[in-house]
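Peer 1: predicted model, plus sequence, below.
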Amino acid sequence: MNLHLHGNPWLSLRKFFYDYLHDEKNETRLSKTFNYLLIALIIGNVVAVLLESVNDIYKANQRFFDIFENISIVIFSAEYILRFWCVVEEKPQQAAWKTRWQWVTSGGAIIDLLAILPAYINFFVHIDLRFLRILRLLRLLKLTRYFTSLQMLLRVIEREKGSFQAVIFILSILIVMAAAGVYVVENQAQPDVYSSIPASMWWAVVTLTTVGYGDVTPITPLGRALGAVITILGLGLAALPAGILATGIANELEARKQEIALKFQELLQSQQIDLLKDQAKIEEIRLQVGLTPEQTHDIVLKLIREQQEKALADKHYQYCFCPHCGNRLPQDRPN
């Protein structure tokens, strides 16, 4: 394989870009610098969008903002094309078109496409500048590639999407029922405010989410009673998504800790790792699993402590002999 790469400069170049764009294990100084530059460019784009919404700043620096936007489009487009080109190195045995299609339809590639697509659409179809600025904020999603915590959050949302769908479904039903109820009891008292069920949905949403702006309030006894019931129901429903996320993140973190502990134990049993010396291998496994250095350090310390305790127990068992006959005393061997 190496001879093949050296013989073809295009393949060598493709492997080079793959190592720096797709291979998360490649933690060289150059790859880190490249990632930091992209992170800075993404944050710079978000700051530029925020500043462009201030008319005085935008008019005074319009040329600078346009140049920065064009440079960003070129860099993000080049990144997308290079990722599309070199991703075939991920599965060399698989057909190139299939590997590229799998990447194009992945979450990361879709986010990369959304980061540049609005700019190209604007060349052919005129888009309102305000709407285009909002679309440019989608570039902020590119940060999920560089932060483990954001990747974990997206993974939890993907895994718990059934629970979120159930919550949204129940919430939608309650909004419609609450809007219909308040329309029935408040329409005659406040025909301008609760003129229809769709118009009453604003009150239902702010009440169910326990926001309660106070701009629209029921004034009849039945309306206030209904509002009290809806508010109590909203307290429980509003906490459900946060509870699902918190539980999902805790489960994901625990699963990763168990995974890395299991990998260390397997390597220890096969004597392929020394937890005190092989820091490079520990770091490689940590990056594969996606834990922080602090979390990995705690797990390593726990495994070292368990090793030491087991060694002491084995030593104690080995020298438990009868002082009279010299035979080993009967006792259960520690696990």
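Peer 2: Happy to help now that I have it. Numbers count the residues shown, from 1 in each chain.
Peer 1: may I see the buried residues of stretch 125-134?
Peer 2: By neighbour count with 16 or more other C-beta atoms under 10 Å, stretch 125-134 contains the buried residues 132-133. All C-beta spots, glycine's among them, are computed from the backbone N, C-alpha and C.
Peer 1: sorry, wrong one. I was asking about stretch 252-271.
Peer 2: Applying 16+ other C-beta under 10 Å to stretch 252-271 flags 252-253, 256-257, 260-261, 263-264, 267-268 as buried.
Peer 1: before we move on, what about stretch 11-23?
Peer 2: Buried residues in stretch 11-23, counted by 16+ other C-beta under 10 Å: 11, 14-15, 17-22.
Peer 1: and if you look at stretch 87-97?
Peer 2: 87-89.
Peer 1: same question for stretch 143-152.
Peer 2: Of all the residues in stretch 143-152, those buried under the rule 16+ other C-beta under 10 Å are 144-145, 152.
Peer 1: can you list the residues you listed in JSON lines and add secondary structure, pLDDT and distance to Pro198?
Peer 2: Compiled in JSON lines, those are given as follows (DSSP: H, G, I helix; E, B strand; the rest coil; pLDDT from 0 to 100; distance: C-beta to C-beta, whole Å):
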{"residue": "Thr144", "secondary structure": "helix", "pLDDT": "81", "distance to Pro198": "36"}
{"residue": "Arg145", "secondary structure": "helix", "pLDDT": "79", "distance to Pro198": "40"}
{"residue": "Met152", "secondary structure": "helix", "pLDDT": "81", "distance to Pro198": "39"}
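Peer 1: for Ser72, give its distance to Phe123.
Peer 2: Going from Ser72 to Phe123 by C-beta to C-beta, to the nearest Å gives 15 Å.
Peer 1: which one's more surrounded, the two?
Peer 2: Neighbour totals were compared for Ser72 and Phe123, and Ser72 leads with 20 against 8 (other C-beta atoms under 10 Å).
Peer 1: measure Leu135 to Asp215 for me?
Peer 2: As judged by C-beta to C-beta, Leu135 and Asp215 stand 30 Å apart.
Peer 1: so the two - more neighbours on which side?
Peer 2: Legend: neighbour count by other C-beta under 10 Å for Leu135 and Asp215, higher for Leu135 (17 against 9).
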